[in-house]
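>>> sequence first, predicted coordinates after that:
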Amino acid sequence: MYNSRSSAAALPTALLPLLLLLPGSSLGAIASVADRSACIRSGAVELSQAAACGDKGSLEHCFKTVGEYVEISDLERCFRNAGCTNAEAGIEAAFVIHNCENPKSDAELRRRGPEPMPAPTPVPQNTATTTASNNGGFTPTIQCSTSTEISTSSCPIQSTGSESGQTLPCFATTVPTQVCAAENLCMTDKNGIELCMRRQDTPDTGGLVVTIFLAVCFAVSFGLLLFFACRSKVAERKRRARNQAAAIAKTNAEANAAGANNEVGAPPTEETPFTKRDHSPMGGVHGQNPFEDGPRY
């Protein structure tokens, strides 16, 4: 009795994988859609390059960002946003679905469209070597720049069909660029050659010695400049005082000499009849000679 129940319970478990593979099974359909989304995301580059219409970058971005369950309408929207017409979008979306459900060989994809050229893998090389070849044998000892990717947006232009020249919806993408390494100071000379030096945020012993020496020299030079300036001003004030004293003495001497010349060279005062007086003892009461004829009244 127990064995019959166990075999009856084990029968659905054994048939479960077969039920998932049935076309009418909803579980099989869900698993197929999930596998389809993984196929589209992993083969975004190949599918976008094999498309017969639309901007390749826009298609690649749309394929890489599809949801967990992809319907044909989602893919049609990707192709329309990339610049395909409605009819082209339907054909291309059906091709993508068919390609993920029935993987094709590379030969079949080449018959549909030109096989995309694989992007060459850059060989790691020292930037110093490239700079040396462009700068006449100069070989820097450090690598100036590092490669990084920056986020940007791309807005493709429709190039075919009746809507040629129309701006298509923008999509986010990343582009590689060269930036100066964080530990360097970079600059470009007049010939466009990149030069760099190792940045050192904290000074070493030699730098400290040179800095202190320059500071002392500056302080001594500034002190000497102030000393000579002050001494020059003091000497100027003394010279002005001597000149003023000499001028005053010269003015006083000229004034004294002029006064002495006036006293020695003055003529004697001439007596007139009205000013002549007799100062003899025989004079009158008013000092006149009594024997001298005076004016008669």
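Here it is on my side, so go on. Numbering: from 1, shown residues only.

>>> only C-alpha atoms for contact and neighbour calcs from this point on.
OK.

>>> give me the element residue 203 is part of.
Assigned by DSSP states H and E, residue 203 belongs to no helix or strand.

>>> quick check: it vs residue 36, distance?
Using CA to CA, to the nearest Å, one obtains 60 Å as the distance from residue 203 to residue 36.

>>> give me the more crowded residue out of these two.
Neighbours were counted for residue 203 and for residue 36 using other CA atoms under 10 Å; residue 36 has more, 22 against 10.

>>> excluding its backbone neighbours, what's nearest that one?
residue 100 (5.8 Å; CA to CA, 6 or more residues apart in numbering).

>>> quick one: residue 245 from residue 235, how far?
15 Å.

>>> same question, residue 49
In terms of CA to CA, residue 49 sits 91 Å off from residue 235.

>>> and the two? Which one has more around it.
Each of residue 49 and residue 235 has its neighbours counted (other CA under 10 Å); residue 49 has more, 21 against 11.

>>> surely the more buried one touches residue 55?
No: using CA atoms under 8 Å, residue 49 is not in contact with residue 55, being 9.3 Å away.

>>> what ranges does the stretch 151-297 of the chain have for its helices?
Assigned by DSSP state H, counting those that start in this stretch, the helices in the stretch 151-297 of the chain fall at 205-264.

>>> domain parsing of the chain, as residue ranges.
Domain segmentation of the chain under automatic domain parsing yields 22-112, 127-198, 202-250.

>>> so which of these gets nearest residue 260?
Ranking the domains of the chain by distance to residue 260, with CA to CA as the measure, places domain 202-250 first at 15.7 Å.

>>> what's the average pLDDT for the closest one?
Here domain 202-250 scores 90 as its mean pLDDT.

>>> dump the residue contacts of residue 96.
Contacts for residue 96 (CA atoms under 8 Å, 6 or more residues apart in numbering) come out as 40, 47.

>>> helix/strand/coil for it?
Classification of residue 96 using DSSP: H, G, I helix; E, B strand; the rest coil returns helix.

>>> the strands in the chain, which residues?
Taking DSSP state E as the test, the strands found in the chain are 145-154, 171-180, 184-188, 194-198.

>>> just say which of these is most tucked in.
Sort these by mean neighbour count, taking mean count of other CA atoms under 10 Å, and strand 194-198 sits at the top with a mean of 17.

>>> how many neighbours does residue 84 have?
Neighbourhood size, residue 84 [other CA under 10 Å]: 23.

>>> ok, for it, nearest residue in space, not its chain neighbours?
residue 54 (5.2 Å).

>>> for the stretch 1-150 of the chain, which spans come out with low pLDDT?
Within the stretch 1-150 of the chain, the ranges that satisfy pLDDT under 70 run 1-34, 103-140.

>>> please repeat the previous calculation with a cut-off of 50.
Along the stretch 1-150 of the chain, segments meeting pLDDT under 50 span 1-29, 106-107, 110-111, 113-132.

>>> among the strands of the chain, which is nearest residue 64?
Of the strands of the chain, nearest to residue 64 by CA to CA is strand 171-180, at 11.0 Å.
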